[in-house]
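Asker: sequence plus predicted model, see below.
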Amino acid sequence: SQPSRLEVSGLMMMMTGIVVASLTLVIQHLGMLESSELSVFDHLMRKLPQTEGVDPRLLLITVTEADVQEQEDGLTFRGSLSNDALDQLLETLAPHEPAVVGVDIYRLEATSPERHPTLANYLNINDQFVTICGVGESTPSESEIAPPPEIPDEQIRLRVGFSDIVPDSDNVIRRQLLQMGANPSSRCKATNSLAFLMAAYYLSGLDPENFQVTLNEKNDSFYLGEVKLPTLKNHYGAYQTADDDGYQTMLNYRRTESIAPRLTLAEALDGEAFRNNPELVNGKIVLIGTIAESYNDVHSIPRRGDLTQIPGVELQAHMLSQLISAVLDDRPLIGWWPRWGAVFWLMGWSLFGAAAAWRLSRWQIILLIDGIGVVVLYVFCYVALVLSGAWIPLLPPIIGLLVSSGAIAGFKALPDNISSRLKQRSFDRL
């Protein structure tokens, strides 16, 4: 017996939803939605409430343009921070016992143990002092920077972090690179990022007996203490064609105007701030970097309003704060559904759009239901991001909902003779 018209109508409705969802998945897989999905992600991130204050566990010491000029006037100097100035700074910090000191400035000068005894000591034996090198591209280039020669080769991976970042195609920094394999052609053999190394040292200092970093390469499981860090690969979230080498995670920027207390290099060298408030540095993570405009070390990030730029040292501070806050404060890391979850999510909304349009007769009601569906999607995705850091797909299900609904509504609006012939073909195929 032939199937009833109700059965054929249900079949056409389901086929429409499935076809629309499948086409949306193909377009998404090819990367054609990537930039749009990232723009939607930026929009949601900017809407998050700005309720977080500074991270009190950090202290930024920033090299300003005035600091650079002061060094040029009186010190042997290359780069934005001379060995003389860094030696004086470390000597000033040492009595106040910072937990970890990191320098987000390439060391371009050789160290003289006679002239820079404190710096030489930090570089040679102090494992709570972390500096950087630049891995660069797969072939040697100007972007690669060697680590300080004073650090023994066997300690490079433990005391030198790479400064490399992973900008998206629009040069916005949304991801954090945690670890990567050593590049055999690069002079920089670091495998851990600066922020990751500093976080690991700080957290292990708080709980040396129980804290550990666990990496399971078989299933890409990455644990910092008891916290699992979501590892990002292509076809997760919005990413389809991005560079996904190494262990990456999304960067959940701290929602505050200022990431941490800060002093300029001149203020820190003066030492009065530390004498008046020893707790400013005692037991804290001290991150040193340049904000001098002449060095152009700035990066675009998604912030409230338009995309804004922040200095590289602030970017490192956000990365560092994200890691220690996840472990100590249970602050959410940005996660995402597995691929199959995103597929079912898209399929469900496509079928809903097709079913709603099939059951409703007036196009005004169809538009109203579609509008309500978009609002529900938006609110659900926003609330999930606020409460748990879940990055739930928003744009693909909106496309599935509206296109499926529009396709069914368009079919119903066809003249009766055409729609009847299309239905008859459906009968015949069955």
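Answerer: Sure, I can see it.
Asker: CA only for contacts and neighbour counts going forward, please
Answerer: OK.
Asker: show me which helix or strand of the protein is least confident by mean pLDDT.
Answerer: helix 416-429 (a mean of 52; mean pLDDT, DSSP states H and E).
Asker: using the three-state scheme, assign residue 32.
Answerer: coil (DSSP: H, G, I helix; E, B strand; the rest coil).
Asker: next SSE downstream of the helix or strand containing residue 121?
Answerer: Per DSSP states H and E: residue 121 is located in helix 117-125. With elements assigned by DSSP H and E, the helix or strand that comes after helix 117-125 is strand 129-133.
Asker: just the residues contacting that next one, thanks.
Answerer: Here strand 129-133 makes contact (CA atoms under 8 Å, 6 or more residues apart in numbering) with 100-107, 122-123, 144-148, 159-163, 188, 190, 194, 197-198.
Asker: same thing with stretch 390-404?
Answerer: 16-17, 20-21, 24-25, 28, 36-37, 40-41, 237-238, 334-337, 342, 345-347, 349-354, 370, 373-374, 377-378, 381, 384-385.
Asker: try it again with 6 Å
Answerer: 17, 21, 334-336, 346, 349-350, 353-354, 381, 384-385 (CA atoms under 6 Å, 6 or more residues apart in numbering).
Asker: now the protein, which segments are flagged as low pLDDT?
Answerer: Applying pLDDT under 70 to the chain flags residues 1-9, 72-79, 108, 137-143, 215-220, 304-307, 414-430.
Asker: need the nearest residue in space to residue 197, chain neighbours excluded.
Answerer: Nearest non-adjacent residue to residue 197, counting by CA to CA, 6 or more residues apart in numbering: residue 161, 6.5 Å away.
Asker: next one: phi and psi at residue 394?
Answerer: phi -120, psi -50 (degrees, to the nearest 10).
Asker: what's the burial count for it?
Answerer: 22 (other CA atoms under 10 Å).
Asker: generate a PyMOL selection restricted to the buried subset of the contacts of stretch 390-404.
Answerer: The following PyMOL line selects those of the contacts of stretch 390-404 that are buried, judged by 16 or more other CA atoms under 10 Å:
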select buried, resi 17+21+334+335+336+346+349+350+353+354+381+385
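Asker: got the angle between the helix holding residue 121 and strand 129-133?
Answerer: Per axes from the mean of the first three to the mean of the last three CA atoms, to 10 degrees, the angle that helix 117-125 makes with strand 129-133 is 80 degrees.
Asker: list the buried residues of helix 117-125.
Answerer: 118, 119, 120, 122, 123.
Asker: between those residues, which is nearest residue 61?
Answerer: residue 119 (16.4 Å; CA to CA).
Asker: the closest one - nearest residue in space that isn't next to it in sequence?
Answerer: Once flanking residues are discounted, residue 119 sits nearest to residue 87: 4.9 Å by CA to CA, 6+ apart.
Asker: hmm, that neighbour is touching residue 120, no?
Answerer: No. Applying CA atoms under 6 Å, one finds residue 87 not in contact with residue 120, separated by 8.3 Å.
Asker: what residues do those two have in common as contacts?
Answerer: By CA under 6 Å, 6+ apart, no residue touches both residue 87 and residue 120.
Asker: and the helix holding residue 121, how far from the chain's centre?
Answerer: Chain-centre distance of helix 117-125: 33 Å, with CA atoms, centre = their mean, to the nearest Å.
Asker: and for stretch 55-69?
Answerer: Offset of stretch 55-69 from its chain centre (CA atoms, centre = their mean): 23 Å.
Asker: tell me which residues of that stretch come out buried.
Answerer: For stretch 55-69, by 16+ other CA under 10 Å, it's 55, 57, 58, 59, 60, 61, 62, 63, 64, 67, 68.
Asker: so what touches the helix or strand containing residue 309?
Answerer: Assigned by DSSP H and E, residue 309 belongs to strand 308-311. The contact list for strand 308-311, computed with CA under 6 Å, 6+ apart, reads 291, 297, 298, 299, 300, 301.
Asker: check the secondary structure at the fifth one for me.
Answerer: Remark: residue 300 carries the secondary structure label strand [criterion: three-state DSSP].
Asker: residues touching it, list them.
Answerer: Applying CA under 6 Å, 6+ apart, the residues near residue 300 are 172, 308, 309.
Asker: neighbour count for those residues - can I get that in TSV?
Answerer: Putting the contacts of residue 300 into TSV (neighbours: other CA atoms under 10 Å) gives the following:
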residue	neighbour count
172	18
308	13
309	17
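Asker: redo those as CSV? Include distance to residue 182.
Answerer: Below are the contacts of residue 300 laid out as CSV (distance: CA to CA, whole Å):
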residue, distance to residue 182
172, 25
308, 32
309, 29
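Asker: now, among these, which is nearest to residue 246?
Answerer: Minimum distance to residue 246 across the contacts of residue 300 is 18.7 Å, recorded for residue 172 (CA to CA).
Asker: ramachandran angles for that closest one?
Answerer: phi -90, psi 140.
Asker: that one and residue 251: what is the separation?
Answerer: Here residue 172 is placed at a distance of 11 Å from residue 251 (CA to CA, to the nearest Å).
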